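Q: just the structure for this:
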Amino acid sequence: MPYGFSNYLNSATNEDGDKHYKELTITTYLKTVEMFKAYLLANEEFSHIELKDAKTKHINSFLKSKLEENSLTTINKLLSSLKVFYDYLEKSQQIIIDPACKIKSFKVKELKPKNLDYEVLLTIRDSMLNKHHISLQAKVLFILGIRGLRFSDFSIKHSDVSHIDNRIEIQIGKRKVILKNAEAELFAEYYYESLLNGSEYLFAARNENSRSPIIDQSTLYYQLQKVFDEYEEIETRPNLTDIRHAYVYYLRMKKKYVIDQLSAELGIHKNRTSDLVKETIERYNGKEYNEDNIAI
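A: Numbering: from 1, shown residues only. Next up is the predicted model:
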């Protein structure tokens, strides 16, 4: 990747000295930049334009060209990737003006299951385990998904998994997901099958030509959809963000987790945890949330 962008993404660290960008995120950013470069080269009008010389109009043209085959959410993700790229070019003094900084994201109006009941997800999990026509991978993705994992968290390596007595421990960043009983047995079965895929990753990409060695987002959601299709209790299919909010709401309001417990469970900073709790409660209650008003 020209301009040192790849090196920057791989070397950037957060305040704790950990890598700032996860592997899946880096892959997404680099792929988007390459897509934009290919768009410029394929367009007769723009073919002479280098990435560092692109203007706002070129980025807008690229985004509009993707509208027919992609959702607004996907378009916004493409824009977000380009914003990171051009912000880097500006800060590294390779360009004077960031052409992406003033482009606003598309407003997305979608029906969201904001009041997703986590206890329904637990019921689905228990029932799903005995449905033999649902694939093993779909079941494992669902089990992990309802633990509040983000898409980037699924870049799990076989070396991140430990078998201790009758439980499974999975190290995902700073958090440890522990599976027991039927969940552990199911996961172990998938784990040993996945060792045959020739990859160090638990959820390896099936397409050998894929830029990322890890399962892509569309495949992950397709597998989760297979599970949700079995149950009428959830009319609108939730995404990982919806499930994560449901998990946080369940732990905070039903299990009475305090911020320290939630921070440890999710593997994120306390400040970020507080923001997430506030966002979740407001999402469910439809009004401003004050932590002081919640009984511990």
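
Q: what about Gln223, how many residues nearby?
A: Counted with other CB atoms under 10 Å, residues neighbouring Gln223 total 20. Just so you know, the C-beta spots here come from the backbone N, C-alpha and C atoms, and that holds for glycine as well.

Q: setting the sequence-adjacent residues aside, check what's closest to it.
A: The shortest distance from Gln223 to any non-neighbouring residue, by CB to CB, 6 or more residues apart in numbering, is to Ala138 (4.1 Å).

Q: wait, the one you found touches Lys226, no?
A: Yes. Between Ala138 and Lys226 there is a contact at 4.8 Å, judged by CB atoms under 8 Å.

Q: Asp16: neighbour count?
A: Around Asp16 there are 9 other residues, counting by other CB under 10 Å.

Q: quick one, phi psi at it?
A: The phi and psi torsions at Asp16 (degrees, to the nearest 10) take the values phi -90, psi 0.

Q: mark out where each domain of the chain begins and ends.
A: Domain segmentation of the chain under automatic domain parsing yields 2-91, 118-284.

Q: now for the helix or strand harbouring the residue nearest to Gln223, which elements pack on it?
A: Secondary structure from DSSP states H and E places Ala138 in helix 136-145. Here helix 136-145 touches helix 118-128, helix 181-194, helix 217-228, going by 3 or more CB pairs under 8 Å, 6 or more residues apart in numbering; DSSP states H and E.

Q: tabulate those in a markdown table, adding columns for mean pLDDT and distance to Asn166.
A: Below are those laid out as a markdown table (pLDDT from 0 to 100; distance: least, CB to CB, whole Å):
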| stretch | mean pLDDT | distance to Asn166 |
| --- | --- | --- |
| helix 118-128 | 95 | 18 |
| helix 181-194 | 95 | 7 |
| helix 217-228 | 91 | 25 |
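
Q: which residues of this protein fall in helices?
A: 5-11, 23-42, 56-65, 72-91, 118-128, 136-145, 181-194, 217-228, 240-249, 259-266, 270-285 (DSSP state H).

Q: report the buried residues of the third one.
A: Read it as helix 56-65. Neighbour-count burial for helix 56-65 flags 58-59, 61-63 (criterion: 16 or more other CB atoms under 10 Å).

Q: C-alpha coordinates for that helix, CSV please?
A: Taking C-alpha atoms only, helix 56-65 is exported to CSV below (Å, rounded to 0.1, in the frame of the first residue of the first chain):
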residue,chain,number,x,y,z
THR,A,56,-14.0,15.7,-2.7
LYS,A,57,-15.9,15.3,-5.9
HIS,A,58,-14.0,12.2,-6.8
ILE,A,59,-14.8,10.6,-3.5
ASN,A,60,-18.5,11.5,-3.8
SER,A,61,-18.5,10.1,-7.3
PHE,A,62,-17.0,6.8,-6.0
LEU,A,63,-19.6,6.5,-3.2
LYS,A,64,-22.5,7.2,-5.5
SER,A,65,-21.2,4.5,-7.9
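
Q: and the direction of it versus that of helix 23-42, what angle?
A: Counting by axes from the mean of the first three to the mean of the last three CA atoms, to 10 degrees, helix 56-65 lies at 100 degrees to helix 23-42.

Q: pull the distance from helix 56-65 to the chain's centre.
A: Distance, stretch centre to chain centre, for helix 56-65: 25 Å (CA atoms, centre = their mean, to the nearest Å).

Q: any idea of the mean pLDDT for it?
A: Helix 56-65 carries an average pLDDT of 93.

Q: ok now do the residue nearest to Gln223, which residues does it touch?
A: Contacts for Ala138 were tallied using CB atoms under 8 Å, 6 or more residues apart in numbering; they are 223-224, 226-227.
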